[in-house]
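J.: kindly generate the corresponding structure for this input.
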Amino acid sequence: MPFLPDAVINELKDLLGPKGWSMDLDVLSTHNHEARGKFKGHAELILFPKNTDEVAKAVAICAAHNISIVPQGGNTGRCGGAVAERKQVLVNLKHMNRIIEIDPRDFTATVEAGAILQTIQDAASEHELLFPLSLGAEGSCQIGGNLATNAGGLNVIRYGNARDLVLGLEVVLPDGSIWNGLSKLRKDNTGYDLRDLFIGSEGTLGIITKATLKLFVQPIHIATAWIAVPSPECAIDLLALSRRHSGDAVSAFELLSHFAHDLPVTYLPNLTRPLATKTDWHVLIELTSSRPDDDLQTLLVDLLGKAIEIGLASDATIAQSDAQRKNLWAIREGIPEAQGFEGGSIKHDVSVPVSRVPDLLERGMAAAQALIPGIRPCPFGHVGDGNIHFNFSQPVGMEKSDYLARWESLNSVIHDIVADLGGSISAEHGIGQLKRDELARYASDEKMKLLRAIKTAIDPNNRLNPGKVV
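T.: Take a look at the predicted model:
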């Protein structure tokens, strides 16, 4: 028997029509399954509204009956932020996927929240413009979810997080009313920035239904290189040298341990090792420019020559074709998938000031080894913005279940180090359920009071995504 009252179910069915809802177990199983597999939802009803008005009316119906709602985008999250319990209703926005407008004069895109990130990128590209948010799940994640979690990705060093790429939002509030904050304004100092309240709120304050996004001139020159570096300290110095030498043309700067580098080329098909040189650490760098006369290849050759001369690098290769560039990026982006072939993985999505990344890696790997002898560190990530995916594979010969049972204890060790270095326990994946208690532990009392006060002010009955973030 359904947990939800029949009257509510029927009211929502009537509102959305036969294609706007499902209680089919096969459909629900897909949406109740969290991408990492650490959390499982139990929703009995999922809604697929077609427009903002339907979202608002569905929220109002649920509010009238004191039923909680869990917003869901592409369901690619990693922290259990989009899974629902039996007594809650899932609202998935995949049918709200229109690219409403690309405006080449204002350099903006106005889109519905269910639009796939890659679709937005492609729509901008048709106008020789760039929407720079880029991450591994871009072929399936929805922009509403990207904004709700303030996604980061590969180009943060050049363009910023999702928050930095938004001009305006339309949001359905917990009572079913609609805040229309869509705007193309670059400057607006009329009171509190309501837009920023909803970006990164993980659906706990409102359901983002539309967004006006910033676009940029599309790069016409790209130069990509794979570099062997002696240490993370050298990588940080190489980053600084690269930014100065290129006139800040660095759009991506990724650091990988040798173990992280080895996994994709070992387990995934059709990948080629970039270098014959054996090194403990690797850097993937990409320069981009929209200036017609720029010669990034020559600039990158000069940069790498200088880096090798002063000891910041020992070897390097520059992609000479799009196929070679794709091979380099496939290695970097294939790490999470390939790590699964080595058994259990305990993961950390953390950030520290860029200059403290070497300290984080040195202290974190030593502490993890002391806690679990034989553990295999697999750090990689966007070192250009201080974000390290500090993953650890299980020791050889250890049972996977025994290893994963140490998840919280290893998290505690790594997060203590992150906090001591002035960092964040969540760089780009959000809080969700996974890090809710950790947030309360590491955030100041003043911050937690403010977060709870905001939640109470906007959603006093705790109906939107309860149990997440705060």
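
J.: for residue 377, which non-adjacent residue is spatially closest?
T.: Using C-beta to C-beta, 6 or more residues apart in numbering and skipping the chain neighbours, the partner closest in space to residue 377 is residue 365 (4.7 Å). Placement of C-beta: from N, CA and C, glycine included.

J.: check which element follows the host helix or strand of the one you found along the chain.
T.: Taking DSSP states H and E as the definition, residue 365 sits inside helix 357-371. Later in the chain than helix 357-371, the nearest helix or strand by DSSP H and E is strand 376-382.

J.: using PDB, write out every CA atom in that next one.
T.: Extracted as PDB, the C-alpha positions of strand 376-382 are listed here (Å, rounded to 0.1, in the frame of the first residue of the first chain):
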ATOM      1  CA  ARG A 376      47.100   3.100  -1.700                       C
ATOM      2  CA  PRO A 377      46.600   6.900  -2.200                       C
ATOM      3  CA  CYS A 378      45.000   7.900  -5.500                       C
ATOM      4  CA  PRO A 379      45.000  11.700  -5.400                       C
ATOM      5  CA  PHE A 380      44.100  13.700  -8.500                       C
ATOM      6  CA  GLY A 381      42.200  16.900  -9.300                       C
ATOM      7  CA  HIS A 382      42.000  20.500 -10.200                       C
END
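
J.: contacts for that strand, please.
T.: For strand 376-382, the external contacting residues (C-beta atoms under 8 Å, 6 or more residues apart in numbering) are 152-154, 156-157, 252-257, 259-260, 263, 332, 335, 339, 342, 345, 361, 364-365, 368, 387-396.

J.: low-scoring stretches of the chain, by residue?
T.: 1-2 (pLDDT under 70).

J.: could you pull up the residues touching residue 274?
T.: 226, 282, 317, 327-328, 331.

J.: out of those, which two sit at the greatest distance?
T.: Pairwise distances across these peak at 13.6 Å for 282 and 327 (criterion: C-beta to C-beta).

J.: higher neighbour count, the two?
T.: For residue 282 versus residue 327, neighbours defined as other C-beta atoms under 10 Å are more numerous around residue 282 (25 against 19).

J.: can you tell me the element that one falls in?
T.: Applying DSSP H and E as the criterion places residue 282 in strand 281-289.

J.: what's the first helix or strand after that strand?
T.: helix 296-309.

J.: one step back: neighbouring strands - and their directions - for the strand holding residue 282?
T.: Paired strands of strand 281-289, with direction, are strand 221-229 (antiparallel), strand 250-257 (antiparallel) (DSSP bridges).

J.: give the full set of residues in contact with the spatially most central residue of the chain.
T.: In the chain, the centroid-proximal residue (C-alpha atoms, centre = their mean) is residue 151; its distance is 3.7 Å. Residue 151 makes contacts with 133, 135, 141, 145, 161-162, 428, as judged by C-beta under 8 Å, 6+ apart.

J.: SS state for it?
T.: Under DSSP: H, G, I helix; E, B strand; the rest coil, residue 151 falls in the coil class.

J.: start at 27 instead
T.: All right, first residue 27 from here; so that's residue 177.

J.: how much space separates residue 327 from residue 214?
T.: Using C-beta to C-beta, to the nearest Å, residue 327 is found at 44 Å from residue 214.
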